[in-house]
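1. Mind looking at a prediction? Sequence and model below.
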Amino acid sequence: MSETRWWDLVVPAVAAAIVALILVFAAPDLLTRILVAISAALLVVAYFTMGRRLVCGNGSAPLAAVFVILVTISIGIGVAAAPFMAMLQTLAYPLVWVSVRTRRGGIAGSAAIGFGVFVGFLFRGGFTLESFWDGLLSGGLAVVFSIALGLWISSIAEYGEERARLVTELTDAQSQIEALSRDRGAAEERERIARDIHDTLAQTLAGLVLLSERAGRQARDGRTDAAAEAIATIEQTAREALAESRALVARMAAVPADEALAAAIERLAARFRAEVGLAIDVDVAAGVDLDREQQVVLLRCLQEALANVRKHAQATLVTVAVASDVDGVRMTVRDDGVGFDTSAARTGFGLDGIGDRATLAGGSVEVVSEPGRGAVLTIVLPRAGVTA
């Protein structure tokens, strides 16, 4: 719309200015004045009736052809009446290029206007050799310049349109990437929640099942004291499960913020001692530098490791050691159970979950085991504030 308004001002203003210059300085006769006025009026009328629609992009190829013909006739009449009317070329050539909007149409329109100028000079000069050269030089040079400038401007416009298209495609691609990132983030969050549930509530509920079975057997055997002790352990474990569920809802660790890592590990070991009767030795060295999230990762990995020992190892002794070394903070979980073949395919989620947790925290996991020789699980996490 702004481009059309600009042309609405320029076309009548330039045409009127050229006619005024001729009338003031050339002092033509009446016929010349009439022809000059007709030439300028035809150009202005052609613009407002057809050219304006073409500039807005609402026209058709036949309409553009008619418009170019009228502009050519207008300039031909004007030049035939007064050679100074050739100045209308400065308006006609750019108007044709913005109207037809194609390179081929611009070249054809420029050639038509140049031909109109040439014919106008021939009529003005009485078809003499001098008028022939005047028309050829004036119209020919203007056509060459118009085509060169039009092609250059067209290439710039096409380049701009291509860049705009690429920017649009890039914006769309960025939107798709953002959507994929959100989907991936949601999937990772679901996996994290699944690991949290598996490592907290699922393990705790599994312990409650074992304790309940033990209490039931003890009650049936008449060992009421032992059954009461098991029930008390069930109550304590259930309370821990409630705390863990609240922590999951709040997206917090299942241990109080003010509790030291050593105390949290000892509490976890005490629960497994009560559940399975395992002998668990805990050794946490002083100066272990882990932030809160890393501590949660370490505790979750230990919880899963002890759960695996309870389910599969048939062990009697488990040793848990946590210390710092040059690689970071190292936790070793060693058992004297039946062991397993580390190269065999695994169907459980436990070791894979431990590996995923450690990897996401920037750490690493190593499992060493042989059938009949127990197992050693080593987890290494970077120190607090250190990116692996």
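-> That came through fine. Residues are numbered from 1 along each chain as shown.

2. pretty sure residue 204 contacts residue 241?
-> Yes: using CB atoms under 8 Å, residue 204 makes contact with residue 241 at a distance of 4.2 Å. (Glycine included, C-beta is placed from N, CA and C.)

3. So between those two, which is more surrounded?
-> residue 204 (23 against 19; other CB atoms under 10 Å).

4. Let me know the pLDDT of the more buried one.
-> For residue 204, the pLDDT comes out at 72.

5. a strand runs through it, doesn't it?
-> No: using DSSP: H, G, I helix; E, B strand; the rest coil, the assignment for residue 204 is helix, not a strand.

6. Tell me how far it lies from residue 269.
-> 15 Å (CB to CB, to the nearest Å).

7. Could I get the full set of helices for the stretch 201-350 of the chain?
-> 203-220, 224-249, 261-276, 292-308, 350-360 (DSSP state H, counting those that start in this stretch).

8. CSV please, covering the ones you listed and showing distance to residue 54.
-> Shown next, in CSV, are the helices of the stretch 201-350 of the chain (distance: least, CB to CB, whole Å):
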stretch, distance to residue 54
helix 203-220, 77
helix 224-249, 66
helix 261-276, 78
helix 292-308, 66
helix 350-360, 62
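
9. of all those helices, which gets the most neighbours per residue?
-> helix 292-308 (a mean of 22; mean count of other CB atoms under 10 Å).

10. what is the orientation angle of that helix with helix 350-360?
-> Interaxial angle of helix 292-308 relative to helix 350-360 (axes from the mean of the first three to the mean of the last three CA atoms, to 10 degrees): 170 degrees.

11. Can you list the helices and strands that helix 292-308 packs against?
-> If contacts are counted by 3 or more CB pairs under 8 Å, 6 or more residues apart in numbering; DSSP states H and E, helix 292-308 sits against helix 203-220, helix 261-276, strand 317-325, strand 328-335, helix 350-360, strand 375-381.

12. Save these as JSON lines, and put in distance to residue 116 too.
-> Output for those, formatted as JSON lines (distance: least, CB to CB, whole Å):
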{"stretch": "helix 203-220", "distance to residue 116": "92"}
{"stretch": "helix 261-276", "distance to residue 116": "93"}
{"stretch": "strand 317-325", "distance to residue 116": "92"}
{"stretch": "strand 328-335", "distance to residue 116": "85"}
{"stretch": "helix 350-360", "distance to residue 116": "77"}
{"stretch": "strand 375-381", "distance to residue 116": "84"}
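
13. Among the ones you listed, single out whichever gets nearest to residue 13.
-> Shortest distance between residue 13 and the helices and strands packed on helix 292-308, using CB to CB, is found for helix 350-360: 70.4 Å.

14. Give me the distance from the closest one to the chain's centre.
-> Its chain's average C-alpha position is 29 Å from that of helix 350-360, according to CA atoms, centre = their mean, to the nearest Å.

15. swap in stretch 104-116?
-> The mean C-alpha position of stretch 104-116 is separated from the chain mean by 47 Å, CA atoms, centre = their mean.

16. Stretch 4-24 too?
-> The answer for stretch 4-24 is 50 Å, by CA atoms, centre = their mean.

17. what about the nearest residue in space to residue 56 that is not next to it in sequence, how many residues close to it?
-> Counting by CB to CB, 6 or more residues apart in numbering, residue 56 lies nearest to residue 4, which is 5.7 Å off, once chain neighbours are set aside. Number of residues near residue 4 (other CB under 10 Å) recorded here: 13.

18. my guess is residue 4 meets residue 53, correct?
-> No: at 9.3 Å, residue 4 does not count as touching residue 53 under the criterion of CB under 8 Å.

19. residues shared between the contacts of those two?
-> The contact sets of residue 4 and residue 53 do not overlap (CB atoms under 8 Å, 6 or more residues apart in numbering).

20. still on that earlier bit, got the contact list for the residue nearest to residue 56?
-> Contacts of residue 4 (CB under 8 Å, 6+ apart): 52, 55, 56.

21. Buried among those residues? Need that as a selection in ChimeraX.
-> To isolate the buried members of the contacts of residue 4 in ChimeraX, using 16 or more other CB atoms under 10 Å:
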select :52,55
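
22. how about TSV for the contacts of residue 4, with distance to residue 139 added?
-> Listed next are the contacts of residue 4 as TSV, based on distance: CB to CB, whole Å:
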residue	distance to residue 139
52	26
55	24
56	29
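
23. For stretch 355-371, measure first residue to last.
-> Distance across stretch 355-371, first residue to last, is 21 Å (CA to CA, to the nearest Å).

24. Run the chain-centre distance for that stretch.
-> The answer for stretch 355-371 is 33 Å, by CA atoms, centre = their mean.

25. Now do residue 38 against residue 301, distance only.
-> 95 Å.

26. just checking, residue 122 touches residue 133?
-> No: applying CB under 8 Å, one finds residue 122 not in contact with residue 133, separated by 10.5 Å.

27. Among the two, which residue is more densely surrounded?
-> residue 122 (19 against 13).

28. State the distance from the more buried one to residue 132.
-> 6 Å.

29. now residue 287
-> According to CB to CB, residue 287 stands 103 Å off from residue 132.

30. And residue 266, what's its pLDDT?
-> For residue 266, pLDDT reads 87.

31. what is the mean pLDDT for the strand or helix carrying residue 70?
-> Assigned by DSSP states H and E, residue 70 belongs to helix 61-81. Averaging pLDDT along helix 61-81 yields 87.

32. next one: stretch 275-287
-> For stretch 275-287, the per-residue pLDDT averages 84.

33. Many thanks, I have nothing further to ask.
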